[in-house]
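# dropping the sequence and predicted coords here.
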Amino acid sequence: MSDTQLNDLKDWNNPVWQGQAREDFLATIQRHRLIAWHVSAVCFLAYSILALAMSVLLSPLVYGVWTLLLDLINFLWPTPSIWPDFLFSASSEGAVKLSGTQVLAGLVGVGLALLGGLVLMAWIGYNLAQALRQGQWVHTTLSTRPVDETSLPEQQFKNTLAEMALAAAIPVPPIKVVAGVANAALISHGDITAGVLVGEDLIKRLDRRQLQGVSAHLIASLAENDLKVGLHISTMLGVLAWLARFAVSLMDAQQRPERLKLLRAVFRRDANSRALLHTYLLEPVVQAKPNAAQSQYKIKFTWREWLLLPLLGPFVIGVLAALLINYFILSPLVALAWRQRKYMADASAVKLTREPNGLASALGLLTAENNTLLVSAWASHFCLVQPSNINPSLFSLFPPLEKRLQALVLLGADASVLSSTRIASGGLSQFFPYLGTVFVAGLIVLFIPLIVQLSLMLSLIFTVIPFSLLHSLLRALA
Amino acid sequence: MSVIWIIVLFILALMVLVIVIYNRLVATNNQVSNAFAQIDVQLKRRYDLVPNLVETARVYMAHEKTTLEAVVEARNKAQSAHQALTQHPKDNQAMSSLMNAEGVLSQTLGRFFALSEAYPDLKANQNMLQLSEELITTENKLAFARQAYNDAVMALNTSIQSFPAVLFARSLGFTQANLLQPIETALERQAPIVKL
């Protein structure tokens, strides 16, 4: 290394690698795994809170349905009235007296009401996950072929993948080759059958040692269950996308085919449903006015939409809150988790090979040109390097290449892989996206009481009053 | 009465803990066995590849008869040592002989590949390229199989030595395994002679 390069290194905020300062790869893996786990736990907590909120919002509707059911059975068999109109009736002592049956029926009703929303959210999530598992949820539209056994470089890649699978004690994943792309990725048929997609350009550019580094990264990613974690996160985001689209289509008769497609997608697991769900994951928020000029479009309201009014409060308000939480809290956290998992996969690759220079030099050679492999932008984190069709954003799924190389240098790679371009120290500007998230989260917390009041008002108008009238009518007829 | 319930719950919790620890030790023990079996597979593969390699090279390296014969001899000795270990798997002497024989084979193969660099026709031969790649990958797989074995042994030993498994492991029949140590051959033990 020349004196100039050495001085450049010293100018950075990062120290020149010293033998004593070398980071243990096991400690690195543990550190990143912990951060990714914390973030995943927060995402799961957010989803649980959403499920609970939806169940609370849906509870008046479910309780009303339970009440009407008891009222209908009352025609054949005496059943207690559990609708809270008894609170307004006075007894001779001036106090409300409830029978044991009424209390029991009421408690069952409340339990069912709360469970209703939870079961619905769990059912939607389960069916979405099953649909994703049964399909190629991480795939490519490029034409693929198997490895050419007569080509030595492709043989070398296949062999290095087998070596790394042996080191990681996992089965060797099948390989598919794509013409002319300088990238590699994990692909999936469900969460069990995983495969590796690799571009011809990548194989041609790298030597055996670098191919081994790339194979180590892919196998490490597989062994650390990136695909399984990806499936869980996709399911969660898919449920939010599904709810958003359902809410948007609720009050417009022209959106009825969309509504039916949404219901079919979750409750019927066929190829069309899977394709539809993948589209929702690509575009979570759809325009409510398809194929029509904005000014000429008029919402159509029929008797069916009147019947769906009780769903207005829970779905629209719940989804509004969910979308805000998703875009301003969950998405940044998910992006953070994936960036940590990328560092973890790099460190795990070093653990497998015990040699960081192969992967470091390979990453240094792969540029952003001609490296788009996968269909979905949200699945880009399964690629080795960031695809060129992904626009860098505030909350990118990929850490910057320079930072990955820095991390590998800390694990013992040769510092010459780092470019001579100074890495921005970041300063306070690197915290702006997260400060923005905290600001929006604060706004959301302040607006939650308003959102809850709005939902209660909608529930009162479209659920409580109609059900009260129906209940009174049925009891009077009985 | 409440004291009895506490004792019963404590015993149940202890049983659950022992079951969890036992299952974890079984899983890590099986990983060690599987990793050791993988080493075996790669050793056999290497024995099968070496004769093909020597035959392909013999045409081009007619003057390197000594090296070629050394490779064949080292391979035969390693194969015999492997068969002896297969018949007596718990014999430490047989294991030691195998490790030594494998070390010598690796050394002679290394010398062979170094010499083959001087024969461009041999290097360009397609068969030779394929066989070289097969041997390189086999050597690497052997090394990574050993590494995976040592990693599995480390995980097993850590599980056995950690609390509370250390209280139950021996009584449940689990003992620590030995790591595979690198074997120095006679050639490696010699200090390199530097002539200035």
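Arrived safely, thanks for sending. Numbers count the residues shown, from 1 in each chain, chains lettered A, B, ... in the order given.

# any idea how far A:Arg354 is from the residue nearest the centre of chain B?
Per C-alpha atoms, centre = their mean, the C-alpha nearest to the average position across chain B is that of B:Arg146, at 3.8 Å. Taking C-beta to C-beta, to the nearest Å as the measure, B:Arg146 falls 12 Å from A:Arg354. Yep, even glycine has a C-beta here, placed from its N, CA and C like the rest.

# B:Asn52 contacts B:Met128, correct?
No: contact status for B:Asn52 versus B:Met128: not in contact, 10.0 Å apart, counting by C-beta atoms under 8 Å.

# more crowded one of these two?
The neighbour count for B:Asn52 versus B:Met128, taken as other C-beta atoms under 10 Å in any protein chain shown, is higher for B:Met128 (19 against 14).

# ok so, going back, residues in contact with the residue nearest to the centre of chain B?
Counting by C-beta atoms under 8 Å, 6 or more residues apart in numbering or on different chains, B:Arg146 touches B:39, B:180.

# name the element it belongs to?
Using DSSP states H and E, B:Arg146 sits within helix B:126-161.

# buried ones in that helix?
Across helix B:126-161, burial judged by 16 or more other C-beta atoms under 10 Å in any protein chain shown covers B:128, B:130-153, B:155-157, B:159-160.

# cool, stretch A:151-159 as well?
Result for stretch A:151-159 [16+ other C-beta under 10 Å]: buried residues A:152-159.

# list the contacts of that stretch.
With C-beta under 8 Å, 6+ apart, stretch A:151-159 has contacts from A:147-149, A:175, A:177, A:198, A:203-204, A:208, A:211, A:214-215, B:129-130, B:133, B:136-137, B:140.

# longest helix anywhere in chain A?
helix A:25-73 (DSSP state H).

# and the following helix or strand past that one, what does it pack against?
Of the helices and strands lying after helix A:25-73 in sequence (DSSP H and E), the nearest is helix A:100-134. Applying 3 or more C-beta pairs under 8 Å, 6 or more residues apart in numbering or on different chains; DSSP states H and E, we find helix A:100-134 packed against helix A:25-73, helix A:226-248, helix A:256-267, helix A:271-282.

# report pLDDT for residue 85.
You didn't pick a chain, so chain A it is. A:Asp85 carries a pLDDT value of 62.

# chain B is the one I meant
pLDDT at B:Leu85 comes out at 78.

# rewinding a little: helix A:226-248 and the longest helix of chain A, what's the angle between them?
Between helix A:25-73 and helix A:226-248, the angle comes out at 40 degrees (axes from the mean of the first three to the mean of the last three C-alpha atoms, to 10 degrees).

# could you measure A:Lys228 against A:Ala347, distance?
To A:Ala347, A:Lys228 is 19 Å away according to C-beta to C-beta.

# so which of the two has more stuff around it?
A:Ala347 (27 against 14).

# can I assume that one is in contact with A:Ile29?
Yes: using C-beta under 8 Å, A:Ala347 is in contact with A:Ile29, at 4.7 Å.

# for A:Phe467, which non-adjacent residue is closest in space?
Excluding its sequence neighbours, the residue lying closest to A:Phe467 (C-beta to C-beta, 6 or more residues apart in numbering or on different chains) is A:Gly64, at 3.6 Å.

# for A:Thr67, same thing?
Counting by C-beta to C-beta, 6+ apart, the residue nearest A:Thr67 is A:Trp83, at 4.8 Å.

# count of neighbours near the one you found?
A:Trp83: 22 neighbours (other C-beta under 10 Å).

# downstream of the lengthiest helix in chain B, the next helix or strand is which one?
Looking across chain B with DSSP H, the single longest helix is helix B:2-58. Later in the chain than helix B:2-58, the nearest helix or strand by DSSP H and E is helix B:65-87.

# and the angle from that following helix to helix B:2-58?
Relative orientation of helix B:65-87 and helix B:2-58, computed by the same axes, to 10 degrees: 150 degrees.

# for helix B:65-87, output the C-alpha coordinates as PDB.
C-alpha atoms of helix B:65-87 as PDB (Å, rounded to 0.1, in the frame of the first residue of the first chain):
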ATOM      1  CA  LYS B  65       8.200 -40.700 -12.700                       C
ATOM      2  CA  THR B  66       9.400 -40.300  -9.100                       C
ATOM      3  CA  THR B  67       6.700 -37.700  -8.300                       C
ATOM      4  CA  LEU B  68       4.000 -39.700 -10.000                       C
ATOM      5  CA  GLU B  69       4.900 -42.800  -8.200                       C
ATOM      6  CA  ALA B  70       5.100 -40.900  -4.900                       C
ATOM      7  CA  VAL B  71       1.500 -39.700  -5.400                       C
ATOM      8  CA  VAL B  72       0.300 -43.200  -6.200                       C
ATOM      9  CA  GLU B  73       2.100 -44.700  -3.200                       C
ATOM     10  CA  ALA B  74       0.800 -42.000  -0.800                       C
ATOM     11  CA  ARG B  75      -2.700 -42.600  -2.100                       C
ATOM     12  CA  ASN B  76      -2.500 -46.300  -1.600                       C
ATOM     13  CA  LYS B  77      -1.200 -45.900   2.000                       C
ATOM     14  CA  ALA B  78      -3.900 -43.400   2.800                       C
ATOM     15  CA  GLN B  79      -6.600 -45.700   1.400                       C
ATOM     16  CA  SER B  80      -5.200 -48.700   3.500                       C
ATOM     17  CA  ALA B  81      -5.200 -46.500   6.600                       C
ATOM     18  CA  HIS B  82      -8.700 -45.500   5.900                       C
ATOM     19  CA  GLN B  83      -9.900 -49.100   5.500                       C
ATOM     20  CA  ALA B  84      -8.100 -50.000   8.800                       C
ATOM     21  CA  LEU B  85      -9.900 -47.300  10.600                       C
ATOM     22  CA  THR B  86     -13.200 -48.300   9.100                       C
ATOM     23  CA  GLN B  87     -12.700 -51.800  10.600                       C
END
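
# tell me what that helix is packed against?
Partner elements for helix B:65-87 (3+ C-beta pairs under 8 Å, 6+ apart): helix B:2-58, helix B:92-116.

# hey, which of the ones you listed is tucked in deepest?
Counting by mean count of other C-beta atoms under 10 Å in any protein chain shown, helix B:92-116 has the highest mean neighbour count of the helices and strands packed on helix B:65-87, with a mean of 18.

# name the residues that touch it?
Contact partners of helix B:92-116, identified using C-beta under 8 Å, 6+ apart, comprise B:43, B:46, B:50, B:53, B:57, B:61, B:64, B:67-68, B:70-71, B:74-75, B:77-78, B:80-82, B:84-85, B:88, B:122-123, B:128, B:132, B:135, B:139, B:183-185, B:187-188.

# list the buried residues for stretch A:451-469?
A:451, A:455-456, A:458-459, A:462-464, A:467-468.

# now for those: which two are most distant?
Spanning the widest gap among the buried residues of stretch A:451-469 are A:Ile451 and A:Ser468, at 24.2 Å by C-beta to C-beta.

# for B:Thr137, list the residues it contacts.
A:159-160, A:162-163.

# quick one: which of those sit in helices?
A:159-160, A:162-163.

# format those as a markdown table; extra columns: pLDDT.
Output for the ones in helices among the contacts of B:Thr137, formatted as a markdown table (pLDDT from 0 to 100):
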| residue | pLDDT |
| --- | --- |
| A:Asn159 | 93 |
| A:Thr160 | 94 |
| A:Ala162 | 93 |
| A:Glu163 | 92 |
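
# now for those residues, which pair is the farthest apart?
It's A:Thr160 and A:Ala162 that sit farthest apart of those, by C-beta to C-beta, at 7.3 Å.

# and those two? Which one has more around it.
Each of A:Thr160 and A:Ala162 has its neighbours counted (other C-beta under 10 Å); A:Thr160 has more, 27 against 19.

# return the residues of chain B in contact with chain A.
B:31, B:34-35, B:38, B:129-130, B:133, B:136-137, B:140-141, B:144-145, B:147-148, B:152 (C-beta under 8 Å from any C-beta of the partner chain).
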